[in-house]
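Asker: need a 3D model of the following:
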Amino acid sequence: MSAWIWIGLGILAVCLLGSKGKPSGGKNTGKPIRIDHPHYITNDEYECGNCGSRFDRALTACPHCGVRFTSRMTDEDEFDEELEEELEMDEWDEEEGR
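Answerer: So this is what the prediction gives:
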């Protein structure tokens with residue numbers, strides 16, 4: 001019986017030590033970078049590379065965690081998805097004769 005307790009405690013210790021040092025929520029990269037997210041349909045968004053929060057203005061510091069951005073990059077994935085959806089809608093409208 002006591003062997004099972006020690007095995008359980010060992011597994012718990014490995015789990016706790018294994019998660020140490022990993023960012024919470026998978027977003028915190030620790031980089032002071034602003035990620036610009038242009039959109040085709042909606043307003044552009046900006047994301048903090050440190051904490052992952054999003055905001056609607058091109059700021060020089062994160063309004064959530066306060067890190068000052070030293071660089072920026074553009075992520076056009078959402079723009080491409082919205083453009084693709086818009087093109088599909090246009091194709092459907094043409095098929096229906098609108």
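
Asker: who does the helix or strand that contains Tyr46 pair up with?
Answerer: Taking DSSP states H and E as the definition, one finds Tyr46 inside strand 45-48. The strands that strand 45-48 pairs with in its sheet are strand 33-37 (antiparallel), strand 54-55 (antiparallel) (by DSSP bridges).

Asker: wait, which of the ones you listed is closest to Asp80?
Answerer: With respect to Asp80, and counting by CB to CB, the nearest of those is strand 33-37 at 11.2 Å. Every residue, glycine included, has its C-beta placed from N, CA and C.

Asker: what does the closest one rub up against?
Answerer: Residues from elsewhere that reach strand 33-37, judged by CB atoms under 8 Å, 6 or more residues apart in numbering: 44-50, 54, 58-59, 62, 69-76, 78-79.

Asker: related to what we said a few turns ago, can you put the strands paired with strand 45-48 in CSV and add distance to Asp90?
Answerer: Putting those into CSV (distance: least, CB to CB, whole Å) gives the following:
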stretch, distance to Asp90
strand 33-37, 23
strand 54-55, 28
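
Asker: among those, which is the most enclosed?
Answerer: Using mean count of other CB atoms under 10 Å, the stretch among the strands paired with strand 45-48 with the largest mean neighbour count is strand 33-37, at a mean of 18.

Asker: distance to Glu96 and mean pLDDT added to the strands paired with strand 45-48, as a markdown table?
Answerer: Rendered in a markdown table, the data for these read as follows (distance: least, CB to CB, whole Å; pLDDT from 0 to 100):
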| stretch | distance to Glu96 | mean pLDDT |
| --- | --- | --- |
| strand 33-37 | 32 | 94 |
| strand 54-55 | 36 | 95 |
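
Asker: what's the closest of the ones you listed to Glu88?
Answerer: With CB to CB as the yardstick, what comes closest out of the strands paired with strand 45-48 is strand 33-37 (20.8 Å).

Asker: ok, Pro38 touching Asp77?
Answerer: No. Contact status for Pro38 versus Asp77: not in contact, 10.0 Å apart, counting by CB atoms under 8 Å.

Asker: compare those two (neighbour count), which wins?
Answerer: When Pro38 and Asp77 are compared for neighbours, Pro38 comes out ahead with 15 against 8, by other CB atoms under 10 Å.
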